[in-house]
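# build me a model:
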Amino acid sequence: MDSLHLNHEDDIHGIAGKVIRPGHQGYDSARAVWNAMIDRRPGVIVQCQNTEDVISAVNHARAKDLPISIRGGGHNVAGHAVCDDGVMIDLSGMRGVTVDPETRIASVEGGALWRDVDVASQAHGLATPGGLISDTGVAGLTLSGGIGWLRAKHGLSIDNLVAANVVTADGSLVRASAEENSDLLWALKGGGGNFGVVTQFEFALHPIGPEVMFAAPVYAVDDGPAPIRAWRDLMKKHGDLVGSLCEFSTAGGEDFPQEMWGKKVYTLACVYNGDAADGETLLQPLRELDNMVVDFSGRMTYCDLQQIFDTLMPAGEFRCYWKARYLSDLSDEMIDLAMNNALTAPSDASISSLWNFGGATTNVAADATAFGDRSMGWMYSLDSVWSDPKDDASNIAWSRDGWDAAAPFGHKGRAYLNFPGHGEDGDALTRASFGENFARLVEIKTKYDPQNRFCFNQNIRPQS
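Numbering: from 1, shown residues only. Okay, the predicted model is just below:
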């Protein structure tokens with residue numbers, strides 16, 4: 001450790017990693033996250049290498065009465081990983097994954113990315129539900145639910161979380177499981193980063209692959225909604241077998257016919273949660289509808305599937321603002337709304353999507369996890385992605401206006417808290433999203449973080 005990390009009156013001693021402050025070499029790169037809009041300046045960044053480093057950082061924050069932000073993968077669109085003036089605990093040096101193929105459990109460090117989990121588990125023919133982009137952090141995605149391709153058969157990421165090691169606000173390392181601190185495990189299943197720093201997750205694994213069936217026929221928005229309606233009807237019938245979304249985007253590049261470049265299209269992206277051959281047969285009708293532009297369907301390895309969308313949004317290259325709303329149903333009117341919104345996106349890099357739910361995702365009682373009610377059938381997300389700061393207002397407005405317009409089709413005012421915009425909706429959205437579980441979450445927050453040290457998140461305030 002060089003002299004910049006020592007001899008400071010407020011420094012944190014005995015750290016295996018690095019302690020970085022404003023003015024130190026590497027400070028700006030250490031505070032940068034996936035969304036290029038985030039420009040906050042922590043008072044100190046602790047790049048942890050182990051659980052002892054995390055404990056030291058939490059104890060320092062408590063001693064100095066400073067708030068804490070937690071960086072796992074740094075992928076949250078609101079930039080919750082980075083705080084102004086407080087202590088930023090950076091777990092990106094803690095990415096270890098260990099798989100026990102006999103018990104089918106993966107032990108995952110708090111800074112791991114989903115690609116780390118996928119590679120380690122697929123070495124044994126196993127997987128657990130993760131996200132759709134492989135450089136997403138395990139921690140952030142999981143703690144607010146975790147919606148991935150395997151949700152039809154195996155549910156959300158939280159439905160596979162069986163235990164966690166957590167450093168709480170008093171600097172204690174506690175284990176949360178069905179047998180120990182079960183209230184904390186319940187809260188971690190959807191309650192976000194409100195309760196401490198998770199240094200290790202334990203996930204249940206399932207036999208997957210090595211080959212899976214990915215269907216991705218592409219149709220032009222100008223040709224109308226008929227393929228989306230056919231997809232909707234198929235998903236209603238087979239929501240226990242297929243994880244899917246209808247994604248609106250702008251065609252471009254050599255993979256598309258040149259006459260389509262710059263035009264709006266939608267992809268009926270589906271992953272069959274079972275044998276690839278069976279999936280190819282079941283999903284074939286979606287590839288035979290009129291006026292298909294191009295077909296990206298095919299069998300592939302699970303790891304390749306998990307990385308297929310990675311190039312859409314490289315880390316740190318774009319400014320981003322995302323919103324998502326759960327839907328009670330997917331009516332023709334909601335489909336029309338989504339199509340019209342896609343046509344008005346001010347940036348060709350932006351996407352929007354209709355997501356299906358069913359099967360294992362919805363077969364969970366509302367009070368079984370902090371995540372809450374599972375009776376939503378669908379979700380609508382609007383992901384503004386652009387480059388020029390001069391375009392901030394128009395792109396943010398597009399996501400917010402579309403999100404507001406979808407409110408009449410919404411499910412109990414609830415939203416997916418991994419796509420929170422920039423967090424400006426605050427307490428009202430958080431309360432609505434947790435519904436009847438909110439009061440219990442407040443009690444657990446008060447127990448484990450009574451001073452609200454962990455407040456850079458969709459915050460649940462402790463009782464006064």
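
# in stretch 14-21, what's buried?
15, 17, 18, 19, 20 (16 or more other Cβ atoms under 10 Å). For the C-beta atoms, the positions are set from N, CA and C on the backbone; glycine is no exception.

# among those, which lie within strands?
The strands, defined by DSSP state E, take in 18, 19, 20 from these.

# list the contacts for residue 362?
Contacts here follow Cβ atoms under 8 Å, 6 or more residues apart in numbering; on that basis residue 362 touches 239, 374, 375, 376, 377.

# coming back round to it: closest one of the ones in strands among the buried residues of stretch 14-21 to residue 60?
Checking these against residue 60 by Cβ to Cβ gives residue 19 as the nearest, at 9.1 Å.

# just the pLDDT at that closest one, thanks.
The per-residue pLDDT reported for residue 19 equals 96.

# pretty sure it is touching residue 46, no?
Yes: Residue 19 lies in contact with residue 46 (Cβ atoms under 8 Å); the separation is 5.6 Å.

# how much space separates the residue most central in space within the chain from residue 203?
Nearest residue to the geometric centre of the chain (Cα atoms, centre = their mean): residue 141, 3.4 Å. Applying Cβ to Cβ, to the nearest Å, the value for residue 141 to residue 203 is 12 Å.

# ok, of the ones in strands among the buried residues of stretch 14-21, which one's closest to residue 50?
Within those, proximity to residue 50 (Cβ to Cβ) peaks at residue 18, which comes in at 12.8 Å.

# now do the closest one against residue 89, distance only.
From residue 18 over to residue 89 (counting by Cβ to Cβ), the distance is 12 Å.

# and for these two, which residues touch both?
residue 46.

# name every strand pairing with whichever strand in the chain runs longest and say which way it goes.
Longest strand of the chain, by residue count under DSSP E: strand 410-420. Strand 410-420 sits in its sheet next to strand 319-327 (antiparallel), going by DSSP bridges.

# need the CA coordinates for stretch 78-92. PDB is fine.
Output of stretch 78-92 as PDB, limited to C-alpha atoms (Å, rounded to 0.1, in the frame of the first residue of the first chain):
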ATOM      1  CA  ALA A  78     -29.500   5.200 -10.300                       C
ATOM      2  CA  GLY A  79     -25.900   4.900  -9.300                       C
ATOM      3  CA  HIS A  80     -26.600   3.800  -5.700                       C
ATOM      4  CA  ALA A  81     -23.100   2.400  -5.600                       C
ATOM      5  CA  VAL A  82     -21.600   5.900  -5.300                       C
ATOM      6  CA  CYS A  83     -22.300   8.400  -2.500                       C
ATOM      7  CA  ASP A  84     -21.300  12.000  -2.000                       C
ATOM      8  CA  ASP A  85     -19.000  12.600   0.900                       C
ATOM      9  CA  GLY A  86     -19.600   9.300   2.700                       C
ATOM     10  CA  VAL A  87     -17.900   5.900   2.600                       C
ATOM     11  CA  MET A  88     -18.100   3.900  -0.600                       C
ATOM     12  CA  ILE A  89     -17.500   0.200   0.100                       C
ATOM     13  CA  ASP A  90     -16.200  -1.300  -3.200                       C
ATOM     14  CA  LEU A  91     -16.600  -5.100  -3.400                       C
ATOM     15  CA  SER A  92     -15.300  -5.400  -7.000                       C
END
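
# before we move on, the earlier item: pull out the buried positions in the longest strand of the chain.
410, 411, 414, 415, 416, 417, 418, 419, 420.

# roughly how far does residue 331 sit from residue 108?
39 Å.

# whoops, residue 221 was the one
39 Å.

# same drill for those two, tell me which one is more crowded.
residue 108 (30 against 20; other Cβ atoms under 10 Å).
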